[in-house]
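Asker: fold the following.
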Amino acid sequence: MDDRLHDAAGEADQHDEVSLFAPAPLEGEQEDAARNEFRKFSPLLPSIVGLAFGRAGLIVASYGSYTSTDAGMLTDGAMLVALAFLGVFFLYIAITKRRVKKSFTNALVHVCIFFEAVGLAALGAFEMFGVQSWEAHFAMSTLCTLASSGAIFYWLLRARGAATITAAVYVFAALILSEIEIYLCTLMPIALGNLVACALALAQYPCIRWARKQALAHDIRSITLPSDYFGFAKSMLTSKRFLIATAIGVGCLAVVDGMLRGYPNGQPISFTPVTRFIEFLVVVGISGTIVFLVAKRHQRIMTVGIFVLMELLACLALICYAAFPDALDIGAIFTTTLNALMVAFSWYIIIAFMSCGWRDPYYYAIAGWMVCWGCRAVTRVALIEFYELSANDMLMCAVMGTAIVLSTQVVLTQFLSVAQLENEKEDKRKEKQQSVLSKIMGLDEHETLADMRQASMQHNAEEIGRQFMLSEREVEVLALYALGFTQKRVAEELFISPGTTHAHIKRIYAKTGLHSRQEILDYMQHYTS
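Answerer: Purely as a prediction, here's the structure:
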């Protein structure tokens, strides 16, 4: 995998400047500028296609290609099991504070793509040969959910450090492409749809090779809007509060989504061909509009604006459920659109966390998955289990309406808190609560200084490694040695012998032409970013 995937988040942005006093371009010039604006994102195409293929496999396998809002327990039950496995990996990263090696990341995505394809092929075979075992379907759905998640994490990792417009184009273009693929699968017999999705999943392999030959997202010159998740320069503390507010808001929305997708009793809502096509058009239309508005540099589209849009979709879904109780698929149009937008938004937020947090990117990817899809899955499973206790549709409608109101209020109060942060000091109680949240999310002040220094030194070592063709092990040794570790300490950290460490350091000196630790530090200061 390209070494630049793990560049430190503090790399300086190099974005286009727009003069306030420049003359307004003519209509033809505006069209050319728009084409050029989108043309510069062409290096992202293989990664966008790979991300779309990864998501398409997940939706076809575990959501039934959206022929209904989902597949019930085969969707959310499988997600809970997959999150349990991901949680173990998450705890390992959180406790050890280790960063996943590039070689492991590269191997992991290949394994994930393979098992995603295996799961899809198995589900297709079940349909072809009439296998009715629910347990077998559940196992393959879980396998696809887990494997697809791992593949998606890889493609999100490739967008780390992107600017606002780049990240928005990246996630929503992938969403649009995946929606096209998924809709085409709904037009096929189930077995054929699964096999086509299997082929698309395997197509991620050439996408990886193709993507390595292209520039990464953070290399593309684009705009970072000052009031967005990626505009961290003004106030690091405000940025952390902004991200935490978003995590809370997404979690609340996920609860609402879990209820709406199984209204009123937790069971999936089936689409007709007409309503399924309308849902497809709505998702693609809204996604394209968001990309257009962000490219036009409209402020707060990807912050307050998208939250307002998702809350509006939730309200429309609930109104349609109440207005058309005999045609729930009308309300399901807005519910499924909400779910799709939450997918792209969660990708966007994960990229933002990866770009500013000091922990390993997988930490933030799994955490985002747990907040968004964990909350949704728990809510949905609870709805299935407890609906029979009351079987009161009016009560469920009231509960869902209350959940939407609470979600809106939570998001509003969190954003207001962020807005006031630069003018007011938080009292000690709130500061203590915030520090706990910051620590959980890997954004805490107390650990950031040392860990950011280590991440920065790792980045500098990788830069030198690229310049002087150092091996991966030599880069690891160089990063620790430059931090001031003794050769014995370096050996202990990397679980190698002191003699091997000494040999690596000698080779580093020989390849770089440097002769001391201080010369290494001076070189890093002057010749690395």
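
Asker: ok, so what distance separates residue 359 from residue 93?
Answerer: Here residue 359 is placed at a distance of 7 Å from residue 93 (CB to CB, to the nearest Å). Bear in mind the C-beta positions are built from the backbone N, C-alpha and C, glycine included.

Asker: just residue 269 next, same as before
Answerer: 37 Å.

Asker: so between those two, which is more surrounded?
Answerer: Between residue 269 and residue 93, counted using other CB atoms under 10 Å, the more crowded position is residue 269 (23 against 20).

Asker: flag the shaky bits of the stretch 401-529 of the chain, pLDDT-wise.
Answerer: Applying pLDDT under 70 to the stretch 401-529 of the chain picks out residues 414-452, 527-529.

Asker: please name the residues that touch residue 131.
Answerer: 125, 137 (CB atoms under 8 Å, 6 or more residues apart in numbering).

Asker: got phi/psi on residue 358?
Answerer: Dihedral pair for residue 358: phi -90, psi -10, per degrees, to the nearest 10.

Asker: got a pLDDT number for it?
Answerer: The per-residue pLDDT reported for residue 358 equals 75.

Asker: burial of it, as a residue count?
Answerer: Residues near residue 358, counting by other CB under 10 Å, number 23.

Asker: is it true that it touches residue 456?
Answerer: No: applying CB atoms under 8 Å as the test, residue 358 and residue 456 come out as separate, 9.5 Å apart.

Asker: helices of the stretch 251-400 of the chain, residue ranges please.
Answerer: Counting by DSSP state H, counting those that start in this stretch, the stretch 251-400 of the chain has helices at residues 273-295, 306-323, 328-356, 361-369, 375-386, 393-421.

Asker: and the ones you listed: which comes nearest residue 55?
Answerer: Using CB to CB as the measure, helix 328-356 is the one of the helices of the stretch 251-400 of the chain that comes nearest residue 55, at 7.1 Å.

Asker: what's the angle from that closest one to helix 361-369?
Answerer: 150 degrees (axes from the mean of the first three to the mean of the last three CA atoms, to 10 degrees).

Asker: buried stuff in helix 328-356?
Answerer: Residues of helix 328-356 classed as buried: 328-356 (neighbour count, 16 or more other CB atoms under 10 Å).

Asker: tell me what that helix is packed against?
Answerer: Contacts defined by 3 or more CB pairs under 8 Å, 6 or more residues apart in numbering; DSSP states H and E place helix 328-356 against helix 134-157, helix 164-186, helix 236-260, helix 273-295, helix 306-323, helix 361-369.

Asker: quick one: that helix to helix 273-295, angle?
Answerer: 30 degrees.

Asker: now residue 483. Nearest residue, chain neighbours left out?
Answerer: Closest residue to residue 483 apart from its sequence neighbours, by CB to CB, 6 or more residues apart in numbering: residue 457 at 5.3 Å.

Asker: whoops, residue 353 was the one
Answerer: Distance criterion CB to CB, 6+ apart; nearest residue to residue 353, sequence neighbours excluded, is residue 364 at 3.7 Å.

Asker: what of residue 324?
Answerer: Residue 324 sits nearest to residue 330 (CB to CB, 6+ apart), 4.9 Å away.

Asker: isn't that neighbour right next to residue 275, touching?
Answerer: Yes: using CB under 8 Å, residue 330 makes contact with residue 275 at a distance of 6.4 Å.

Asker: closest to residue 488 out of the helices of the stretch 251-400 of the chain?
Answerer: Smallest distance to residue 488 across these (CB to CB): 29.4 Å, for helix 361-369.
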